[in-house]
Structures are given as structure tokens and as C-alpha cells.
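1. Coordinates for the following, if possible.
(2 chains)
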Amino acid sequence: MIRLFLRDLRLAIRAGGGFGLGLAFFLIVTVLVPFGVGPENATLRAIAPGILWVGALLACLLSLDRIFQLDYEDGSLDLLATAPIPLEGVVAMKAAAHWVTTGLPLTLSAPVLGLLLNLAPQAYLWLVATLAIGTPALSMIGAFGAALTVGLKRGGLLLSLLVLPLYVPTLIFGSETVRRGAEGLATETPLLLLAGITLGAMALLPFAAAAAIRINLR
Amino acid sequence: MSLWEYANPKKFIATADAVLPFVSVLAAAALLTGLIWGFFFTPDDFRQGSTVKIIYLHVPAAMMAINAWAMMLVTSLIWLVRRHHVSALAAKAAAPVGVTFTLVALVTGAIWGQPMWGTWWAWDPRLTSFLILFLFYLGYLALWEAIENPDTAADLTSVLCLVGSVFAILSRYAVNFWNQGLHQGATLSLDKEENISDVFYIPLLFSIAGFVLLFVALVLIRTQTEIRRRRLHAIELRERMA
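-> Below you'll find the predicted structure:
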């Protein structure tokens, strides 16, 4: 399973666009917002937590169809399904590789983009913390969506339609924590709920995603 | 006599044919009674004036929007566990009805909200969770449309329905946390005192019964259609092979 994880990492890096594309997208979304709402620092500061979270979420969405699509097309997904390791583990590893190539860079680059949006100084810590805790859930939920649509020719748009409503709770708790952190309020409750969603998703969704892959490979 | 006999498509169609006239007539009668009584023979509310009458559409539609999803959840589970095709087709048949009820609840809510709250839309927890429910319905319908193999489609939409239900409930409580609401709390309740005067309550009960029966009738008709469409498909395939 660790080999599979490393293999996915290597593929994502060598194929290009693994790290870069998501990050560039995140940057562009963040840069576009001031053009849309105007350059007042107060306005930007108020909306910065939400914008950064929505941007990270969309950047995450961008690379979801890569999780299974290529393996499905060249047949390696069939081999993985018949391999002696459980398919649930395969799904979890692929989601983990997706997180390392998108969620992690997004988390690390978010403070820089926070500067652009004039994020409140005390919110940086919470921004990084919530993204670190919340983006694994985004990858895992996304892997489930990708597993549902893996058999489809043009599944990309459908994938967004399926996955975005599932992202709602993660987004709410993530940006709420940052917002509260920016205003100096207590952040424990939303942070714990966010962690709860991530852990719940990691515990249960591999089974749902593996079931969906088995159906698609039938 | 067991419930599973209706998993036989032939038996299901025969029973549905026998039941449908009664259900349809009862649905029409209850809806007409509830709506006409509600619209023309109840007094205006002392604060809300005549806008209170939209309750006869808004509340039953909202109730059935949620119940339709619950029904899809149950039929999806039955399909996944017992592989009865009628069950999967019933879930498929219920989804467009459910999404319509959701839309009716959202639109009537907006029309009611404009004079009462001074706004068509507010990011209130109840309104927001209904909008999210609407998105879930859209995703479910789109997945049915996208997959060609009917059994694969039934399987995948059922899995989506199960996972979606969990996330829909999560979202329902997450939005509570996210914003305080304009919408009032529950008016009707099974175990607490009702917060509504009998003058409005009795016609409302008629219109709720009407919506329930309408839903049953529509789902029966649509499930029959789906079964027949499936048969037609099988016949066409057989002729092409011969």
C-alpha cells in the first residue's frame, strides 16, 4: 500500500500539473476576488476567510478526476481491484496521495494568499490549521465522487455537481473557525466539528468509494 | 402474503392499476378540499393578513420534499440488499417528484417571505438546507441520466443516496451553527402542542393528506412507466438479437 502511495505521488508529479495546476488556480481565484469586490482593505479582510476556503475547495475539485480516471483507462484499476490488498485501502491511499499533491500545497501556500486579501493577523494560524485538518476530508469525499463517475466519458462536470453539495459541512466549519479566529472568538467547537467530519469521512467513505468502484468495474 | 410479493413487477403493476384510481380520486378530493377551504373559507391572520394562506402549499410541499428523499433512501437500501428492480425504479421515479416539491417549497417560501420579512431570500438555516437538498436532488438525477447501463445506474445512485443522506443531515445541522434564522420553528408536531389555531389547522391537514396521496399516485404511475420502459428496452434488444 505504501508502494501504491509512492507510485501515485510519482505519477502526479511527473505527469505535470499535479502540484502546479491546483496552486495556480488557487492563486488566480484569490487574485480575481479583489477585482470583483473592490480593493477596500476592510471589505477584503471581512471576506478573506471565506474566499480562501472556497478557493482551496475549488482548487481541490480541479484534480479530482485524475484520482481514478487514468488507472481506469489503462486497466491498472482492474489489477488493483483484484490485487491481494483490500480495495478500501487502495482508495484511502489514492485519496492520501491526492491530498499530498493538492491539499498540502494549498495549506502551505494559503498564508501567502492571505496577505493578498489582508487577512487579520491572528487568523493565519487558524487558516493553516483548518486547511490542514479540513483538506483531507475534501480529498476523501472527492475520491468518493471520482469513484462514482469513473466509468463515464465526460464525468468532470457531473463530478462537480455531485461533490460540491457534499463539501458544504466541511466548508462551513472550516471558514467559521477562521472567521472566529480573526475576530478573536473561541474556535474550539467548529474546529472539533471539522476534525470530526474529516475523521468520519476517512473512516467510512473508503467503503462507499470501493463499493462504487466495484460496481463500475463489473 | 408478504410485502416482497410486490417486488414482482407484474404483481406491482396489477396492484398499482387497482389502487391508482382510488388514490388519485382521494388525492384530488383532499387537495381540492384543503386548498379551497384554506384559500376561501378561512379568516385572514391578524398579523400576516391573507398571505398566511400560502401555508396550504408551502408546508405540505416542504414535508413531502423531505419524505420523498427518505423514501428514496429506503428503496435504495432495499435495492442494494435484496436486488428488487421495482425498488430501484421506485427511487428513480420518486426523485423528479421530490425535486419538484422542493422547488415548490422554495418558491412559495420566497413569495411568502417577501411581504413578511421584506426579502425574497435570506441565508436562514432552514432555507439554506432546503437549497442544499435541492442540489442533492439535482446531483442524484444527473447521475441517473449520465449512466447507460440501468443496473450500474441503480447501484451507483443508491450508493450516492446513502452517502448523500448522511451529508444532507450533517449540512442541516451545520447551517444551524452557521447562521441564526428568520424562519419560525416547527409549527406542527407529533409530540408537542400544536402552534396553530384549529381554523387553519384542519384545512392544512386536508392539504397535507392531499400532497401525500398525490405523491403516492405520481410515484406509482412513474414506477409503472419505468417498468414498462425497461420491458420495452428488453423487447427491442431481443428483436435486434433475433
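2. Quick check: pLDDT value at B:S24.
-> Confidence at B:S24, expressed as pLDDT, is 93.
3. show me the contacts for it.
-> Taking Cβ atoms under 8 Å, 6 or more residues apart in numbering or on different chains as the criterion, B:S24 is in contact with B:L213, B:A217. (C-beta placed from N, C-alpha, C; glycine too.)
4. Quickly find the element holding it.
-> Element membership of B:S24, judged by DSSP states H and E, is helix B:9-40.
5. buried residues in that helix?
-> Residues B:9, B:12-13, B:16, B:23-24, B:26-27, B:30-31, B:33-35, B:37-38 are the ones in helix B:9-40 that count as buried (16 or more other Cβ atoms under 10 Å in any protein chain shown).
6. now the angle between helix B:9-40 and the following helix or strand past it, please.
-> Counting by DSSP H and E, the element after helix B:9-40 in chain order, helix or strand, is helix B:55-82. Orientation check (axes from the mean of the first three to the mean of the last three Cα atoms, to 10 degrees): helix B:55-82 against helix B:9-40 gives 160 degrees.
7. Could you check helix B:55-82 against chain A for contacts?
-> No - taking Cβ under 8 Å from any Cβ of the partner chain as the criterion, helix B:55-82 and chain A are apart, separated by no less than 8.8 Å.
8. Show me what the longest helix seen in chain B is packed against.
-> Longest helix in chain B, counting residues (DSSP state H): helix B:198-241. Helix B:198-241 sits against helix B:9-40, helix B:55-82, helix B:85-117, with contacts defined as 3 or more Cβ pairs under 8 Å, 6 or more residues apart in numbering or on different chains; DSSP states H and E.
9. okay, which residue of chain A is out on the far edge from center?
-> A:E40 (29.5 Å; Cα atoms, centre = their mean).
10. show me what contacts the closest residue to B:I208 other than its chain neighbours?
-> Leaving out its chain neighbours, the residue that sits closest to B:I208 by Cβ to Cβ, 6 or more residues apart in numbering or on different chains is B:P60, at 4.5 Å. Contact partners of B:P60, counting by Cβ under 8 Å, 6+ apart, are B:L204, B:S207, B:I208, B:G210, B:F211, B:V212.
11. Could you single out the nearest of those residues to A:T82?
-> Minimum distance to A:T82 across the contacts of B:P60 is 47.8 Å, recorded for B:V212 (Cβ to Cβ).
12. Would you confirm that the closest one contacts B:M64?
-> Yes - counting by Cβ atoms under 8 Å, B:V212 touches B:M64, with 6.7 Å between them.
13. in stretch A:172-184, what counts as buried?
-> For stretch A:172-184, using 16+ other Cβ under 10 Å, the buried residues are A:I172, A:F173, A:G174, A:S175, A:E176, A:T177, A:V178, A:R179, A:R180, A:G181, A:A182.
14. export the helices and strands packed on helix B:198-241 to TSV and tack on distance to A:S63?
-> Compiled in TSV, those are given as follows (distance: least, Cβ to Cβ, whole Å):
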stretch	distance to A:S63
helix B:9-40	43
helix B:55-82	30
helix B:85-117	30
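15. May I ask which helix or strand of chain A has the lowest mean pLDDT?
-> Between all helices and strands in chain A, the lowest mean by mean pLDDT, DSSP states H and E belongs to helix A:2-14, at a mean of 77.
16. which strands and helices sit next to that one?
-> Partner elements for helix A:2-14 (3+ Cβ pairs under 8 Å, 6+ apart): helix A:87-98.
17. could you check whether the helix it packs on is close to chain B?
-> No - among the residues of helix A:87-98, none lie within reach of chain B under Cβ under 8 Å from any Cβ; the closest is 13.0 Å away.
18. re earlier: and the longest helix of chain B, average pLDDT?
-> 90.
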